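In: model the structure of this input:
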Amino acid sequence: MVTIDITYQGDLRCEAVHQPSGTRLNTDAPKDNLGKGESFSPSDLVATALGACMLTIMGIAARSLNVDLKGTKVTVQKEMVATPLRRIGKLTVKIAVPGKLTAEQRQKLEQAASTCPVHKSLHPDVQIPVEFTWQ
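Out: The predicted structure follows:
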């Protein structure tokens, strides 16, 4: 179990503290929802968590494949919807992996990414198309 303490700072901003490490991060409401958009919004953190989780799980799989994923980049594009209520509607994930990998290694890394716990925790109404680029 991990504890994260979140304190409302006012003006639609929050500060979160990761208790195990003491690391802090701030959130701000986005401009399209009455905020200043000067930091990650809470829904931006969901998109960030998805991309980081997929890459982390791929990294775990890469170890067993003796593959170095250093330099791999994930881009997540978040799209909100407003009806029937405001929520994340789509998270488009693009993963660019450098280096030469075999078809089998690619398949195993793609499978690993699809097992990310954040991906599995999101509601099925959230569309999550994933595109891999093997360089």
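In: so who does the residue sitting nearest the centre point of the chain touch?
Out: The chain has Leu50 as the residue nearest its centroid, 2.5 Å off, counting by C-alpha atoms, centre = their mean. Leu50 sits next to 76, 91, 93, 116, 118-119, 122, 128 when contact means C-beta atoms under 8 Å, 6 or more residues apart in numbering. Where you see a C-beta, it was placed from the backbone N, CA and C, and this is true even at glycine.
In: now do the domain split for the chain, please.
Out: Annotated domains of the chain cover 4-33, 42-134 [automatic domain parsing].
In: deepest-packed of those, please.
Out: Mean neighbour count (mean count of other C-beta atoms under 10 Å) peaks for domain 42-134 among the domains of the chain, with a mean of 15.
In: that one: end-to-end distance?
Out: 31 Å (C-alpha to C-alpha, to the nearest Å).
In: quick one: that domain to chain centroid distance?
Out: 7 Å (C-alpha atoms, centre = their mean, to the nearest Å).
In: what are the ranges of the helices in this protein?
Out: 42-65, 103-114, 117-121 (DSSP state H).
In: a markdown table for these, including mean pLDDT?
Out: Below are the helices of the chain laid out as a markdown table (pLDDT from 0 to 100):
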| stretch | mean pLDDT |
| --- | --- |
| helix 42-65 | 97 |
| helix 103-114 | 97 |
| helix 117-121 | 97 |
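In: could you measure from the residue nearest to the centre of the chain over to Pro42?
Out: Going from Leu50 to Pro42 by C-beta to C-beta, to the nearest Å gives 13 Å.
In: need the per-residue pLDDT for the closest residue to Val46 other than its chain neighbours.
Out: Distances taken as C-beta to C-beta, 6 or more residues apart in numbering put Ile88 closest to Val46, at 6.1 Å, once the chain neighbours are dropped. The score at Ile88 is 97. That number is its pLDDT.
In: fine by me, we can end here.
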